[in-house]
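Engineer: A structural model of the following input is requested.
(2 chains)
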Number of protein chains: 2
Amino acid sequence: MISLEKAIKIIWNTAKILPVEEVDLLLSHGRVLAEDIKAPFDYPPFDRAAMDGYALKVKDTYSASKNQPVLLQISGEIQAGTRDRFYLSTGKCLSVMTGSYLPEGTDAVVKIEDVETIKNGKKYFIKVFKPIGKGENISFKGEDLRKGQIIIKKGNLVDAAVFMMLAYLGKSKVKVRKQPHVSILATGDELIEPGTELEPHKIYNANSYGLYGLVMENGGIPHNFGIAKDNEKSLTETLKESLRYDIAIISGGVSEGKFDLVIRVLRKLGVKDIFWKVAVKPGKPVYFGKKGDTLVFGLPGYPVSAYLSFHMMVKTAFQKMFGYRRPISFFIYGVLSSDIRNDGDRTALLRVKIIPDTDDNIVVPYHKQKSGMLSSVVETTGLVIVKKGEHLKKGERVKCFVLRDFYF
Amino acid sequence: MISLEKAIKIIWNTAKILPVEEVDLLLSHGRVLAEDIKAPFDYPPFDRAAMDGYALKVKDTYSASKNQPVLLQISGEIQAGTRDRFYLSTGKCLSVMTGSYLPEGTDAVVKIEDVETIKNGKKYFIKVFKPIGKGENISFKGEDLRKGQIIIKKGNLVDAAVFMMLAYLGKSKVKVRKQPHVSILATGDELIEPGTELEPHKIYNANSYGLYGLVMENGGIPHNFGIAKDNEKSLTETLKESLRYDIAIISGGVSEGKFDLVIRVLRKLGVKDIFWKVAVKPGKPVYFGKKGDTLVFGLPGYPVSAYLSFHMMVKTAFQKMFGYRRPISFFIYGVLSSDIRNDGDRTALLRVKIIPDTDDNIVVPYHKQKSGMLSSVVETTGLVIVKKGEHLKKGERVKCFVLRDFYF
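Structural biologist: Okay, here's the model as predicted:
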């Protein structure tokens, strides 16, 4: 039996980074970057107006006041995106809109709502009522991004913000990691598929679905192999097929019962054991092996245990395969709402609900912690790791892994 | 100009809940439930073994000790999922595996690793070395879920945990909300599409992509209408088409510049104004209107502003359409790493990075807060709302909206 930390480390060191593929920008959303993204130019690529208004020279406004406004002639109108060249002369101004380029010599833009426009003959003027500060309402060339600067490192997920940045930089093709193909097989003669009538002494196959969802949420492509029977012949045939993917996940059949022959069959099929049994509750019977480049995870049959084992261990393989720099977690701190004591002989994964209160995050242990309690999982948003022998007290600030979004 | 709170309230009250559709279980992942999910039976549906071991009567083990073990004859073997009926007599036990049903009269299961098995003639026995507690290693009928109990309420997202629970309950069809179809149109003559060469005084269209990603991440189906030219004829044609969706998002062309004719054209096409201008920075020029059941959002042209306006306002429409009970946010609390003062005349959305430190979440304001700074968005994981005139001090615990996952 190895520790959870050790198991994570071994998985990290065993998994191999996936190959790169280049996809169209629009298809890069939801994928993981396989290249560092650099700014190809300064951004903005030119000095531009940050507001609708008038480009001017600030020294022309030094004497302006509410009672003695300065008059500046509007000598032109710069539309955003125009190719025309404009010049700004002393004592004049140019009408600009947000995003318009600013000609040389412009050192501020006065906002449209801060001036009055008047007509004198065929000429238009603006009245400026106060001195304008140098640089006001100008977005300067390169103030956002500098040419050559790394903006996003490889290993980052392309979410909406990154996607927006890739477009902003003009990328049309993006190098991303291939997605891992993952086979999912449930074992257990007590299982039947949802949608059929419940027979005596049977329960529905929840694991295949939970794991299917987790694979998708973690950027993999799931392949559902359904339920294998607990007999050697049928199991051998199905497992053989399921080992042809980047990752093979099998749930059930890995503990010590005499019908638990999954591991025996895996070995016969050439899978090499890497570890079996982890000092964590739930999750003790987790098996990890390898055949060629295929990673094999044997997860416990209890839905709660399979779900949490995926979060704590299988995810690590995904992260390494996607080229993350290290195993990562999404965690926050919060205040524990009740005493927790781990009197067991393994590290405990305490299922909790994270509730932002009036000035802190409250971490509420779920009242049903037995492995058979799937009800806990739909209520659980986080996990607190409680070490063997550890006693966490009510009111203590604890580290809490976030498993799912929690909304309030 | 209305407050952000008022804007959110109006959007919530204007949006209408979407119709229901029934989908196959496998397609329900990522969708929003449109039905309350009840337990159709007690779960587990029968008393079952929680571990591999032997089903027994506890009174047979009262006298057991390390030196004087009790011998119980193994009178049968209950495979998980079997249809056979078994009986447990006094002084005997039954071999069971995790998930096996337990016959009447069983009041505990002793773990396989806690006993020794011996053979005497043709009979097999176990040696029990200590008294077994009543109920030990039994998962009782209904201890997880009670028949008729509401397990998940409508309005919840079907993520992996919920998906797993739906399977566990045997559902094969699930009622979910239809997904909103969303048209996305960028305006601005300064825009060109990524993948083309950057021309003088132009910038790449980032908004269409950022909004496309946000629509997908929020469960909608995006339709990209590209870039509309800032002239009335072309804009009219494109907008007309874009108004045929559940939500029409237009970015740019909603501030006060003279070329900003989006709102004028929307009105001509029969869109009724609901509000225009919100006292929030960034996001002031946000426009919200309606034509029939189509909601129309005019967002600012700056990518940062469009992105944050979507998070703060457009999301609310999605939530109402999906049947959430109220507008919700994902937030945490953390400690501010530096002083922040809002001396402006509007509520400020402060872009921050959330960093879990050794015992608290640290909230670090991003150093570039100008609306033109898209670099801030790829670094930003949260938002702190700073009211007009408010002064938040370093070390203060602040409420922080989570915009994206933050990993460490």
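Engineer: Beta-bridge partners for the residue nearest the centre of chain A, please?
Structural biologist: The centroid of chain A falls nearest to A:Leu157 when counting by CA atoms, centre = their mean (5.6 Å). When bridges are called by DSSP bridges, A:Leu157 pairs up with A:Val32.
Engineer: Can you name the residues that contact it?
Structural biologist: Applying CB atoms under 8 Å, 6 or more residues apart in numbering or on different chains, one finds that A:Leu157 lies in contact with A:30-33, A:219, B:405. All C-beta spots, glycine's among them, are computed from the backbone N, C-alpha and C.
Engineer: Please apply the same query to A:Leu169.
Structural biologist: Going by CB under 8 Å, 6+ apart, the list of residues near A:Leu169 reads A:37, A:39-40, A:43, A:151, B:194, B:204.
Engineer: which one of those residues is nearest B:Phe125?
Structural biologist: Distances from B:Phe125 to those, taken as CB to CB, are shortest for A:Ile37 (68.7 Å).
Engineer: mind checking pLDDT for that closest one?
Structural biologist: Per-residue confidence (pLDDT) for A:Ile37: 97.
Engineer: For the residue of chain A positioned farthest from its centre, give its distance to chain B.
Structural biologist: Relative to the mean C-alpha coordinate of chain A, counting by CA atoms, centre = their mean, the farthest residue is A:Gly121 (60.6 Å). Distance, A:Gly121 to chain B, using CB to the nearest CB, to the nearest Å: 21 Å.
Engineer: same question, A:Glu190
Structural biologist: Taking CB to the nearest CB as the criterion, A:Glu190 is separated from chain B by 3 Å.
Engineer: Please look at that residue and B:Val96 and confirm they touch.
Structural biologist: No - between A:Glu190 and B:Val96 no contact is recorded; they are 11.3 Å apart, counting by CB atoms under 8 Å.
Engineer: okay, those two: which has more neighbours?
Structural biologist: For A:Glu190 versus B:Val96, neighbours defined as other CB atoms under 10 Å in any protein chain shown are more numerous around B:Val96 (32 against 24).
Engineer: Okay, now the unreliable bits of chain A?
Structural biologist: Counting by pLDDT under 70, chain A contains low-confidence residues at A:256-260, A:407-408.
Engineer: same thing but 80
Structural biologist: Where chain A drops to pLDDT under 80, the residues are A:230, A:253-260, A:406-408.
Engineer: Outline the domain layout of it.
Structural biologist: Listed by automatic domain parsing, the domain ranges of chain A are A:4-17+A:179-321, A:21-42+A:145-177, A:48-139, A:331-402.
Engineer: Pick the most buried one from these.
Structural biologist: Per residue and on average, the most neighbours among those fall to domain A:4-17+A:179-321, with a mean of 21 (mean count of other CB atoms under 10 Å in any protein chain shown).
Engineer: From one end of that domain to the other, what's the distance?
Structural biologist: Length of domain A:4-17+A:179-321, first residue to last, CA to CA, to the nearest Å: 20 Å.
Engineer: same deal with stretch A:326-337?
Structural biologist: In terms of CA to CA, the two terminal residues of stretch A:326-337 are separated by 32 Å.
Engineer: likewise stretch A:26-43?
Structural biologist: In terms of CA to CA, the two terminal residues of stretch A:26-43 are separated by 22 Å.
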